[in-house]
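K.L.:
Got a predicted structure here, sequence first:
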Amino acid sequence: MKIPSRLMILLLVVLSFNSCNSRKNKLSKTWFYITGYTASGKPIKISAKDSLLNNFLTPACFINLQPDGKYTSFLYTFDYGNWQLENNEIILLSEKNVRQKLPLQVLDSKVMMVTVTDLNGNVFNCDFESASGSFKTEDENPFSKPNNLWRIPALHKETNDEITARLMNHFQFWEKYFDWGIRTEQSTLDVRSTASPLKIYGNGFALKPYEYLPVAWKQSFYDVEDCQKANDKLSAFIKSGEIAWPHTDHKYKMFLSAFQQMQQKMR
């Protein structure tokens with residue numbers, strides 16, 4: 001039986017639409033960077049310090065694609081806006097109307113490979129691994145804009161209150177991050193790659209000496225003076241011993257409580 005050409009075109013459109021929707025559903029997750037490859041196929045070696053500034057991504061880098069078409073990402077900078085899948089490319093359109101294309105090379109339920117262009121125009125193929133990215137509200141999403149304001153560099157010298165707010169937003173990120181780990185039963189959570197003034201251990205955390213602060217953290221402040229003020233404030237708070245560590249063997253719950261207390265008491 002010969003199918004009329006108009007019907008054939010309609011069937012192809014429907015199949016294409018369904019296929020696109022299926023891939024968008026697969027993509028609607030939070031994706032964490034695993035590794036990258038140069039144009040010649042050689043694995044990228046991540047340097048131990050300030051990899052982002054050397055145009056290398058780290059395990060702290062993510063692409064958070066939400067089912068409602070919103071996204072946040074932290075590749076070389078923190079970004080947010082709307083996303084869509086177009087001609088086998090993930091299109092990120094930021095709120096500043098900057099369009100970024102991530103050509104999709106591989107996609108399955110757990111891993112995707114996309115082509116990423118760094119700040120110098122170099123092109124890499126990068127593997128990302130999926131994690132649960134379904135959130136009821138923006139507030140509970142550790143990768144949302146409200147929980148990552150601390151990543152956005154200051155455009156002016158900040159007041160003491162603004163510096164405190166930046167620190168508290170950083171603690172808020174950690175709170176939501178550990179809460180997400182509990183809710184989604186993550187077996188492991190990366191706590192070392194995030195540009196933080198805190199070094200997190202298995203049973204607590206310590207403030208990094210100023211000279212060892214990640215460059216990416218320092219550059220979120222307007223100048224050295226503001227960064228030093230933040231460090232001094234955080235140092236005084238930690239030395240005060242105001243955190244009451246809960247008696248629990250669940251590490252995520254222990255840190256969740258600690259970062260909640262820090263937000264409550266550092267005002």
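P.N.:
The structure has been received and is ready for your questions. Numbers count the residues shown, from 1 in each chain.

K.L.:
just for the stretch 101-250 of the chain, where's the confidence low?
P.N.:
Along the stretch 101-250 of the chain, segments meeting pLDDT under 70 span 133.

K.L.:
Helices along that one, start to end?
P.N.:
160-183, 215-218, 224-240 (DSSP state H, counting those that start in this stretch).

K.L.:
Of all these, which one comes closest to residue 95?
P.N.:
Ranking those by proximity to residue 95 (CB to CB) places helix 160-183 first, at 18.0 Å. For every residue, glycine as well, the C-beta is placed using N, CA and C.

K.L.:
Flag every buried residue along that closest one.
P.N.:
163-181 (16 or more other CB atoms under 10 Å).

K.L.:
To what extent is residue 132 buried, counted in neighbours?
P.N.:
13 (other CB atoms under 10 Å).

K.L.:
so who does residue 165 touch?
P.N.:
Neighbour list for residue 165: empty [criterion: CB atoms under 8 Å, 6 or more residues apart in numbering].

K.L.:
Would you mind measuring from it to residue 94?
P.N.:
From residue 165 over to residue 94 the distance is 23 Å, taken as CB to CB, to the nearest Å.

K.L.:
Could you do residue 152 as well?
P.N.:
Applying CB to CB to residue 152 and residue 94 gives a distance of 12 Å.

K.L.:
what do you get for residue 218?
P.N.:
Taking CB to CB, one finds residue 218 at 24 Å from residue 94.

K.L.:
Would you quantify the distance from the residue lying closest to residue 135 once chain neighbours are set aside to residue 227?
P.N.:
Excluding the flanking residues, the one nearest residue 135 by CB to CB, 6 or more residues apart in numbering is residue 141, at 4.0 Å. Counting by CB to CB, the gap from residue 141 to residue 227 is 27 Å.

K.L.:
try residue 184
P.N.:
33 Å.

K.L.:
What residues does the residue nearest the centre of the chain make contact with?
P.N.:
Centroid-nearest residue in the chain, with CA atoms, centre = their mean: residue 62, separated by 4.1 Å. For residue 62, the contacting residues are 30-33, 72-74, 143, by CB under 8 Å, 6+ apart.

K.L.:
With residue 142 instead?
P.N.:
Contacts of residue 142 by CB under 8 Å, 6+ apart are 173, 176-177, 179-180.

K.L.:
which among the residues you listed gets closest to residue 107?
P.N.:
residue 180 (23.1 Å).

K.L.:
which residues of the chain fall in strands?
P.N.:
Secondary structure of the chain (DSSP state E): strands at 30-37, 62-65, 70-74, 78-86, 89-94, 99-107, 111-117, 123-131, 198-200, 205-207.

K.L.:
sorry, back to before: out of the contacts of residue 62, what pair is the most spread apart?
P.N.:
Using CB to CB, the two most remote members of those are 33 and 72, lying 14.3 Å apart.

K.L.:
Which residue of the two possesses the greater neighbour count?
P.N.:
residue 72 (25 against 22).
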